[in-house]
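In: Sequence and predicted model, in that order:
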Amino acid sequence: MNPFSSGTRLRDMIRAIRACKTAAEERAVVRKECASIRASISENDQDYMHRNLAKLMFIHMLGYPTHFGQMECLKLIASPGFPEKRIGYLGLMLLLDERQEVLMLVTNSIKQDLNHTNQYIVGLALCALGNICSAEMARDLAPEVERLLQFRDPNIRKKAALCTIRIIKKVPHLAENFINTAAALLKEKHHGVLITGAQLCTDMCKVSTEAHEHFRKKCLDGVVKLLRDLANSPYAPEYDISGITDPLLHIRLLRLLHVLGHGDADASDSMNDVLAQVATKTETNKNAGNAILYECVSTIMNIEDNGGLRVLAVNILGRFLSSRDNNIRYVALNMLMKAISLDSQAVQRHRATILECVKDTDASIRKRALELVYLLVNESNAKPLTKELVDYLEVSDPEFKGDLTAKICLIVEKFSPEKLWYIDQMVKVLSEAGNYVKDEVWHALIVVITNAPNLHGYTVRALYKAVQKSNEQETLVRVTVWCIGEYGEMLVGNAGMLDVEDPITVTEAEAVDLVETAIKRHSSDLTTQAMCLIALLKLSSRYPSCAKRINDIVLHQKGSLVLELQQRAIEFNSIIEKHGKIRSALVERMPVLDEATYSGRRAGSVPAVVSTSLGTQPKMSNGVAKPTSAPLVDLLDLGSDDVQAPSSSGGDFLNDLLGVDLSPASPVSGTNNQAPKNGTDALLDLLSIGAPTAQSSSSMLDMLSSEQDNKRSEGLLDNFASLSTSSAVSSSSMMDLLDGFGTSSSVPVAETGGPSYPSVVAFESSLLKVTFNFSKESGNPQTTIIEAQFVNKSPDIYSNFIFQAAVPKFLQLHLEPASGNTLPASGNGSITQKLKVSNSQHGKKSLVMRVRINYKANGEDVLEDGQISNFPHGL
Amino acid sequence: MIRGVIIINDQGKPRLIKFYEFQPPDKQQELVRSIYRVLCSRAENVSNFVKADSLFGPDVRLVYKTFATLYFVFIFDKSENELAMIDLMQVFVETLNKCFREVCELDIVFNFYKVHMILDEIILGGQVLETSSEEVANAVDAISRLEKNANSMIPSIPGWQR
């Protein structure tokens, strides 16, 4: 006999494993046990088989591999004894799975056991089948299970019912075979059979419309009566769960009614009475009673409309919300979330209770309640609800503030009746939980503020007051600093006082104090510091008396470790000290960004929005220069922002700002073939204008530099925009230019995908004419594709026609095969050939090329050569 | 449908793992570990329901209850009534109490196969089979008797009786 197998009993093994102090010890014990079990298996030691399998199940639970015991399960199932079979089936359920081929082997054993005379063995087989049945097994064993649904012992019938659920889930079309036997289960008295029978019918309705129809016609009344009897039945101790008779059966029957009533008004009608009865009579002081009520509410919500019942159901949920049991509040909130789409009026009545749940001690309930409150908000109740939420923000847990803040901001943005209220609420939120406010929220706030000119003074004062109270909220500080920068004079001057406002006295020095504190605070991040710096620049003009002090603060940032801040500090310092003339114009208020545009962009989540809407930031040019395949409209939008602000101080300033010297730009008339200057090229690069043609952008920029009149250039841009969007042409004087452009390219600008170039006659002699057509590969400005066209001017046919070309080193040339080598006489046809030229000095040097052409005319070899230097610029 | 029943002790050791949908062994251990992590970080005085979407897919929740040193966990999807799951757990625990006379963790450790037997009389294939702990206890008794009688016929296996 195997020396190991006589060893440990199951109990000893468990004890040994439990005694292990470390995972390594445990592994060692398990390894030893597994070795002995393997040895026992290989010796085919039948006596200890089922003990070994029991050990393996324990080992399996601990997470060790036990696959080697799988075949033993089958052997045990096939053995005649009950204990062996029982442990074998248990092993089958725990160690195997339906995907393994081993299952094929077990089907026959199960079939035999399903027909066994011992009902407990039948029960074991049914249990295993219900847990692991595969599609093949379902097909093979369905007849046995169907027969067992009518077995004399109810314990077998209930197991067979659940087994059937597994079978029809695996093979739905088998459901039709079970309709009558399943319906018969609903006429039983045994509670277990009724529970499983109702569940089976419910699941059959899901997979088979035939079954659904049948049950609706034949069983509905029976189920209704069953539920009524159950609800009226005297207390039955054997099915009691904490004092309620058989709540699970209630629930199963209600669930079946739910399925039968859904989408059928008549069926729904016939169950109204019993639902009302259950809803009103069930005791609510026990969990089991509430479980029934909850299911009843769910059924009422899902069957066809009966207004009265729905109100009753929502009221039950409302009552749940005031329950002391967290679980009940939790499920009630879940259900109310569904109910709101059915009857929001009924839910609205419980608003106050729901609002209380936002303040619950249980985080998961708070979160759900908050979701629900958000769904409940409408125009009429936004104000009081927001007030409640904002008030709660003060006392809520820090970990809940993020969620709460996000929701309040959503509500405020969506439902704000007027801007004053919006700004008030946002100031409150920023003061309480500014650190939880997302970037886009405070960006949106700034856009709203700029769009409310009558509230500028009020807002900047309100923010100033708020920061005095809570200067730890980063976003509050940012918005305040931005507003002080823009509307600083309104802060000290009490300009634009509203009736509701208390006047405050703020001196210029105090306002600067605030910004100085913010920039020097250690916790301020880079964005805040940058915003402070810009605000200071702006204040240097708004508060002339503080200019010296502001300059000192700005100078202090020269020592900043952040390159960006350092650089801006130096630049701003120079603006304050040396450019007093332009300073006031330079730091004018930001142009108003259209709210609709902003929200549209936000929806499209274009990150560049930030830098344009806060265009005072030094990063503006970066924002504009964002590499873009941007639609033309966007581009023009940015352009108009750029132009408006600085243009009042003149075109020179624009040049300075953009860092490009445009002064030699000729005051061109906008002829189409006018070659763009290098300077504008650089500007184009800077702005990354890729989409429009070279002509259009050069002419636009020419206009910018030559037209000092702000309005006219704006007009041009407008026209340009309208041209690009609708090609509507106005009669403005500038439009000649754009007209010409429109016709020359004859394709809408946005669709060309790149600039186009005029064709040139590259070479012409008395015998031959060569024309070059140019095109660019999109996304590769360096490479030009040239299509050469050769035309014979003489009366003779040319044969053996060969075209050769050479280029300097900064170019790369690739010749593709010509369309032919015979050129018909007198221009009666042509040869074309493609050339690809890459210009490594693109933008600096133009193309040049030497060509040589060989052909035979009248039997004589002819050679022509020449240099081509009349390529268009910009290739 | 009930997706699984798990008993874990307060150290995170699994005491019973039963899934009604196939889960590979590694995955089972991983799920047990994640569930344990969730449960021990739960505050007191909160609801017994935990959303388990991330572990089991959409709309799957678990309900747990602590009994002495053990967490009892039922995993179920939206076709089950949450509150009824609490009741069902109550039935399970009551039955354990009946079968073991004041059940404790050690009973479950050393008799895990019997716990499986009890559970199989309450839940079959993820569906509720029986809610009367009386009936369950009777069925379990009958099976145990049958086993004893069978064992007395084959006396060569020591230590198998409870």
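Out: Structure received. Numbering: from 1, shown residues only, chains lettered A, B, ... in the order given.
In: and residue 112, what does it touch?
Out: The chain I'm using is chain A. Listed by CB atoms under 8 Å, 6 or more residues apart in numbering or on different chains, A:Gln112 has no contact partners. Heads up, the C-betas are built off the backbone N, CA and C, glycines and all.
In: Switch to chain B, please.
Out: A:Met57, A:Phe58, A:Met61, B:Arg15, B:Leu16.
In: between these, which is nearest B:Gln90?
Out: B:Leu16 (16.6 Å; CB to CB).
In: I'd like to know how far the closest residue to A:Gln812 other than its chain neighbours sits from A:Ile785.
Out: Using CB to CB, 6 or more residues apart in numbering or on different chains and skipping residues adjacent in sequence, the residue nearest A:Gln812 is A:Ser838, 4.3 Å away. Distance of A:Ser838 to A:Ile785, given as CB to CB, to the nearest Å: 10 Å.
In: Tell me the predicted confidence for the residue nearest to A:Gln812.
Out: Here, the pLDDT recorded for A:Ser838 equals 85.
In: For it, list each beta-bridge partner.
Out: Under DSSP bridges, the beta-bridge partners of A:Ser838 are A:Thr783, A:Gln812.
In: Neighbours of it, how many?
Out: A:Ser838 has 16 neighbours, counted by other CB atoms under 10 Å in any protein chain shown.
In: likewise A:Gln348?
Out: By other CB under 10 Å, neighbour count at A:Gln348 equals 15.
In: wouldn't it be in contact with A:Leu376 here?
Out: Yes - between A:Gln348 and A:Leu376 there is a contact at 6.2 Å, judged by CB atoms under 8 Å.
In: what residues are shared contacts of those two?
Out: With CB under 8 Å, 6+ apart, A:Gln348 and A:Leu376 have no common neighbours.
In: Quickly note the distance from A:Leu533 to A:Arg583.
Out: 15 Å.
In: higher neighbour count, those two?
Out: A:Leu533 (27 against 19).
In: Grab the nearest non-local neighbour of that one.
Out: A:Leu533 sits nearest to A:Arg568 (CB to CB, 6+ apart), 5.6 Å away.
In: for A:Ala78, same thing?
Out: A:Ser109 (5.1 Å).
In: And A:Arg549, by the same measure?
Out: Using CB to CB, 6+ apart, the nearest residue to A:Arg549 is A:Val512, at 6.3 Å.
In: show me what contacts the residue nearest to A:Leu533?
Out: Applying CB under 8 Å, 6+ apart, the residues contacting A:Arg568 are A:Ala530, A:Leu533, A:Ile534, A:Gln557, A:Pro618.
In: quick one: the third one and A:Ile484 touch, right?
Out: Think A:Ile534. No - if you go by CB under 8 Å, A:Ile534 and A:Ile484 don't touch, sitting 10.8 Å apart.
In: Flag the shaky bits of chain B, pLDDT-wise.
Out: Regions of chain B meeting the criterion pLDDT under 70 cover residues B:150-162.
In: Strands of that one, residue ranges please.
Out: Remark: strands assigned in chain B by DSSP state E are B:2-9, B:14-19, B:49-51, B:61-67, B:70-76, B:123-124, B:127-128.
In: of all the ones you listed, which gets the most neighbours per residue?
Out: Among those, strand B:123-124 has the highest mean neighbour count (mean count of other CB atoms under 10 Å in any protein chain shown), at a mean of 26.
In: taking the mean pLDDT, what do you get for stretch A:478-491?
Out: Mean predicted lDDT for stretch A:478-491 stands at 89.
In: Output that stretch as CSV, nothing but the C-alphas.
Out: The C-alpha trace of stretch A:478-491 is given here as CSV (Å, rounded to 0.1, in the frame of the first residue of the first chain):
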residue,chain,number,x,y,z
ARG,A,478,-7.4,82.9,-9.8
VAL,A,479,-10.7,84.3,-10.8
THR,A,480,-10.3,87.2,-8.4
VAL,A,481,-6.9,88.0,-9.6
TRP,A,482,-8.1,88.0,-13.2
CYS,A,483,-11.0,90.2,-12.4
ILE,A,484,-8.9,92.7,-10.4
GLY,A,485,-6.6,92.9,-13.4
GLU,A,486,-9.4,93.6,-15.7
TYR,A,487,-11.7,95.7,-13.6
GLY,A,488,-9.3,97.0,-11.0
GLU,A,489,-10.5,100.6,-11.3
MET,A,490,-14.1,99.4,-10.6
LEU,A,491,-13.0,97.8,-7.4
